[in-house]
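Build the 3D model from these lines:
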Amino acid sequence: MAGEKQSAPWPIPVYYFKVVIGSMGEIAFQEVSGLDTEYDVIEYRTGNNSVFSTVRTTDLKKHTDITLKKGAFQSDTALFDYFAKVKMNTLERTTVTIQLMNEEHEPIYTWTLKNAFPKKVSGFSLNAKTSDAAMEELVLVHEGITIEKG
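Model (predicted):
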């Protein structure tokens, strides 16, 4: 029946999530991207190796920047105020949590960013030919990301 919880295994929908940025608290964003982690790869070959190919191994782990997008509101300058706090070598590093929620308002996955701070804030694009909503963008850098289930 329509509206009831389905029992079949379906992929997780990604439209219900929440973002908490340190002391700023929860902020309603429309889009989150960049939850990626990867390793650099080192290739080497010893001089006395009789096999004419390189050996590959992992190096340092690296993380991509996190991009957050939200609608702009007339009296809301929170993202620009947060960005304005960044000064040379005196920035406030904070913990950021991003939670994908289920229909019971419980977290399915939680991504935690360690020592995050704003790298970029973008105002909205103006275009007289569209009726799109004004969107703000915040780019965060961090020193590590962890993911927890549940």
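
Quick check, pLDDT for Val96.
Val96 is assigned a predicted lDDT (pLDDT) of 97.

For Ala116, see how far away it is.
Computed as Cβ to Cβ, to the nearest Å, the Val96 to Ala116 distance reads 5 Å. Where C-beta positions appear, they are placed from N, C-alpha and C, glycine not excepted.

Tyr109 now?
Counting by Cβ to Cβ - Tyr109 and Ala116 are separated by 18 Å.

Pro13 too?
Counting by Cβ to Cβ - Pro13 and Ala116 are separated by 26 Å.

If you count surrounding residues, which of these two has more?
Ala116 (23 against 12; other Cβ atoms under 10 Å).

which stretches of this protein form helices?
78-84 (DSSP state H).

hey, which helix or strand in it has the poorest pLDDT?
helix 78-84 (a mean of 87; mean pLDDT, DSSP states H and E).

List the buried residues for it?
Leu79, Tyr82, Phe83 (16 or more other Cβ atoms under 10 Å).

For the second one, which non-adjacent residue is closest in space?
I take that to be Tyr82. Distance criterion Cβ to Cβ, 6 or more residues apart in numbering; nearest residue to Tyr82, sequence neighbours excluded, is Pro118 at 5.8 Å.

That neighbour contacts Ala84, doesn't it?
No. Counting by Cβ atoms under 8 Å, Pro118 does not reach Ala84; the two are 9.2 Å apart.

Could you list the low-pLDDT ranges of the protein?
Scanning the chain for pLDDT under 70 picks out 1-8.

Find the residue at the geometric middle of it.
By Cα atoms, centre = their mean, the chain has its centre lying nearest to Ile66, at 3.5 Å.

In the chain, which strand is the longest?
Counting by DSSP state E, the longest strand found in the chain is strand 107-122.

Can you tell me how far Ile98 is from Val14?
Relative to Val14, and taking Cβ to Cβ, Ile98 is found at 11 Å.

Could you do Lys120 as well?
23 Å.

again with Gly150
Note on Gly150: its distance to Val14, by Cβ to Cβ, is 17 Å.

Over to Glu137?
18 Å.

Look at the two and report which has more neighbours.
Using other Cβ under 10 Å, the more surrounded residue of Glu137 and Val14 is Glu137, with 17 against 10.
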